[in-house]
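Novice: Predicted structure and sequence below. I'll ask about it afterward.
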Amino acid sequence: MMDAYTALTRGGVSWTPTFVTELNQKTCIGCGRCYKVCPRDVFELVDREEDEMDEDLDEDQMSVMSLKNVMDCIGCGACGRVCPKQCHTHLAMPVAN
């Protein structure tokens with residue numbers, strides 16, 4: 001197994017970024033908080049699939065976040081910190097050759 005990507009902060013402290021790898025659309029409420037804080041345009045708001053429609057959803061929840069440009073994630077973790085439903089999965093990634 002390859003080592004995870006690590007970097008140094010400006011202060012010289014070692015930091016291992018964790019990149020978004022999944023977004024659970026079943027628990028997502030489509031609030032857009034992750035979209036708003038993401039500096040890299042990783043997310044987009046899409047319509048829910050008809051088979052995912054639930055009679056308990058109100059009109060504001062007919063849309064859901066989706067991963068648009070997952071390879072542009074820089075591993076800052078902002079999306080996971082602002083999500084009220086903890087929909088995001090983050091993982092450290094191995095250094096690519």
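Specialist: Everything's here; your move. Numbering: from 1, shown residues only.

Novice: List the contacts of residue 19.
Specialist: 70, 73, 74, 75, 90, 91, 92, 93 (C-beta atoms under 8 Å, 6 or more residues apart in numbering). For glycine as for every other residue, the C-beta is placed from the backbone atoms N, C-alpha and C.

Novice: What is the most widely separated pair among the residues you listed?
Specialist: The span of the contacts of residue 19, defined through C-beta to C-beta, is set by 70 and 92 at 15.0 Å.

Novice: Give the other helices and strands that the helix or strand of the chain with the lowest mean pLDDT contacts.
Specialist: Averaged element by element with mean pLDDT, DSSP states H and E, the chain has its least confident helix or strand at strand 7-8 (a mean of 91). On a contact count with 3 or more C-beta pairs under 8 Å, 6 or more residues apart in numbering; DSSP states H and E, strand 7-8 meets strand 14-15.

Novice: could you say what helices and strands the strand it packs on packs with?
Specialist: Counting contacts by 3+ C-beta pairs under 8 Å, 6+ apart, strand 14-15 is packed against strand 7-8.

Novice: Give me the contact list for the strand it packs on.
Specialist: Residues from elsewhere that reach strand 7-8 (C-beta under 8 Å, 6+ apart): 14, 15, 16, 17.

Novice: The protein: helices as residue ranges?
Specialist: Under the criterion DSSP state H, helices of the chain are mapped to 33-37, 78-82.

Novice: how about low-confidence regions in the protein?
Specialist: 1, 50-61, 97 (pLDDT under 70).

Novice: repeat that for 90
Specialist: Across the chain, the ranges flagged by pLDDT under 90 are 1-5, 7, 48-62, 94-97.

Novice: Top of the contacts of residue 19 by number of neighbours, please.
Specialist: Taking other C-beta atoms under 10 Å as the neighbour criterion, residue 73 ranks highest of those with 22 neighbours.

Novice: right, and that one touches residue 41 too?
Specialist: No - contact between residue 73 and residue 41 fails when scored by C-beta atoms under 8 Å: they sit 10.1 Å apart.
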